[in-house]
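1. can you look at this prediction? I've put the sequence above it.
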Amino acid sequence: MFKRLHSIVRDYFGVSHKEARGFIGLLILTIVCLLTPFVYRFLSDRKPVDTSIADQRKLDSLVRLMQAEDVKQPQTGRRFDNDKTTLEHFSEPKLFSFDPNTISVTGWQQLGLPRWLAERIEKYRNKGGQFRKKEDLLRIYDFPPELYEQLEPYITLTDKRASETSGRALTDNKSLATGHEQSAFTERTERKERVARPVLQPFDINTADTSQLIALKGIGATLAGRIIKFRDALGGFVSPDQFHDIYGLDSLGLTQLLTFGKIRSSVRKIPVNTATVDELDRHPFLSRRQAQVIVTYREQHGAYTSAESLKPIRILDAKTIEKLAPYLEF
């Protein structure tokens, strides 16, 4: 019976002889652990706890004391407090106008956010992330949509361009006060800067370096390095939809990348019929376990001919195969 079960496991999961034996052993151990509580309850002789008369009298006296305290307390206030849950009592939000780019962790907590979520937003900002639209708050992982709808009327985003413009206007006014020569000099300097500033042109995202990415609005040095690292791990982008998977890319950076980042060169492919487990495991779409099963199945059933030949591997779902197919060479 054990040999028959062993062969069924090997054929069904496409694993080696040792892995099938380990799986069966783990399955038996799991069943034993699950059945142990039931066997213990069946075999053990559980006797009801006998409450003595003295203990019963103490409990009755405590109940009478609690009832007396309830009568003394005002009923209106108690009814109001009992209607609230513990979470509502301690986490009732205090709504006020705020800028999500500058508010502190304590301020987020006053608005009703738990501390762990407030610290996650703070970490996102420290890494260069910015909220340019109100909807960008929903890009924070686990941010509750219901709370966003409650906070949305109180969100006030500072327009940096407007502040810069007002600052330049103030500088121009001071320049006029000092004389016409200083004003003319300032105008000539600004004109030269406008002429010297390069005009952004679309570029190949699969061959771009960090300097080209930093030139885009909303993308700094840290985010540019993250984009390059993600691209190299993939072997290149095959679709602009993959830009959405880049961690920390806000709406402005995403719009800039979709506008100027074009896919003009082919991706680096993995020879799936000769690749080792380590080579397959380096790809972001595959786990170590999936890479091992792909190699084991290839050794047992022969070379793969197309993406369709990966479908019998049950550990790979259809979505994973679809995303992985452009990066495999058969």
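-> Structure's in. What do you need?
2. chain center to stretch 115-122: distance?
-> Distance of stretch 115-122 from the chain centroid (Cα atoms, centre = their mean, to the nearest Å) equals 13 Å.
3. just stretch 32-45 next, same as before
-> Centroid separation between stretch 32-45 and its chain, computed with Cα atoms, centre = their mean, is 42 Å.
4. and what of stretch 28-48?
-> 41 Å.
5. cool, stretch 302-311 as well?
-> With Cα atoms, centre = their mean, you get 32 Å for stretch 302-311.
6. please apply the same query to stretch 275-291.
-> Mean-position distance between stretch 275-291 and its chain equals 22 Å (Cα atoms, centre = their mean).
7. ends of that stretch, what's the gap?
-> 10 Å (Cα to Cα, to the nearest Å).
8. so for stretch 19-38, what gets flagged as buried?
-> 19-20, 23 (16 or more other Cβ atoms under 10 Å). All C-beta atoms are positioned from the backbone trio N, CA, C, and that covers glycine.
9. stretch 141-155 too?
-> For stretch 141-155, by 16+ other Cβ under 10 Å, it's 151, 155.
10. list phi and psi for residue 99.
-> phi -110, psi 120 (degrees, to the nearest 10).
11. ok so, going back, redo the buried residues of stretch 19-38 as JSON lines? Include secondary structure and distance to residue 296.
-> Shown next, in JSON lines, are the buried residues of stretch 19-38 (DSSP: H, G, I helix; E, B strand; the rest coil; distance: Cβ to Cβ, whole Å):
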{"residue": "19", "secondary structure": "helix", "distance to residue 296": "8"}
{"residue": "20", "secondary structure": "helix", "distance to residue 296": "11"}
{"residue": "23", "secondary structure": "helix", "distance to residue 296": "13"}
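12. tell me which of the residues you listed is nearest to residue 304?
-> residue 19 (20.4 Å; Cβ to Cβ).
13. now do the helices in the stretch 101-250 of the chain.
-> For the stretch 101-250 of the chain, the helices defined by DSSP state H, counting those that start in this stretch occupy 105-110, 115-126, 145-151, 160-178, 180-196, 210-214, 221-234.
14. weakest of those helices in terms of mean pLDDT?
-> Looking at the helices of the stretch 101-250 of the chain, the lowest mean pLDDT belongs to helix 160-178 (a mean of 51).
15. quick one: the spatially closest residue to residue 220 that is not a sequence neighbour from residue 253, how far?
-> Closest residue to residue 220 apart from its sequence neighbours, by Cβ to Cβ, 6 or more residues apart in numbering: residue 128 at 4.7 Å. Residue 128 sits 10 Å away from residue 253, taking Cβ to Cβ, to the nearest Å as the criterion.
16. do you know the pLDDT at the nearest residue to residue 266 once chain neighbours are set aside?
-> The shortest distance from residue 266 to any non-neighbouring residue, by Cβ to Cβ, 6+ apart, is to residue 236 (7.1 Å). Note on residue 236: pLDDT of 94.
17. could you do residue 91 as well?
-> For residue 91, the model assigns a pLDDT of 52.
18. same thing with residue 326?
-> On the pLDDT scale, residue 326 gets 94.
19. what is the neighbour count of it?
-> 16 (other Cβ atoms under 10 Å).
20. and for residue 324?
-> Applying other Cβ under 10 Å, we find 21 residues neighbouring residue 324.
21. so residue 147 makes contact with residue 112?
-> Yes. With contact defined as Cβ atoms under 8 Å, residue 147 counts as touching residue 112 (6.0 Å).
22. so what sits against both of the two?
-> Residues touching both residue 147 and residue 112 (Cβ atoms under 8 Å, 6 or more residues apart in numbering): residue 93.
23. just to revisit the earlier point, identify the contacts common to residue 128 and residue 253.
-> residue 223.
24. okay, those two: which has more neighbours?
-> A count of neighbours by other Cβ under 10 Å puts residue 253 above the other of residue 128 and residue 253, at 25 against 17.
25. name the nearest residue to the more buried one, ignoring sequence neighbours.
-> residue 218 (3.5 Å).
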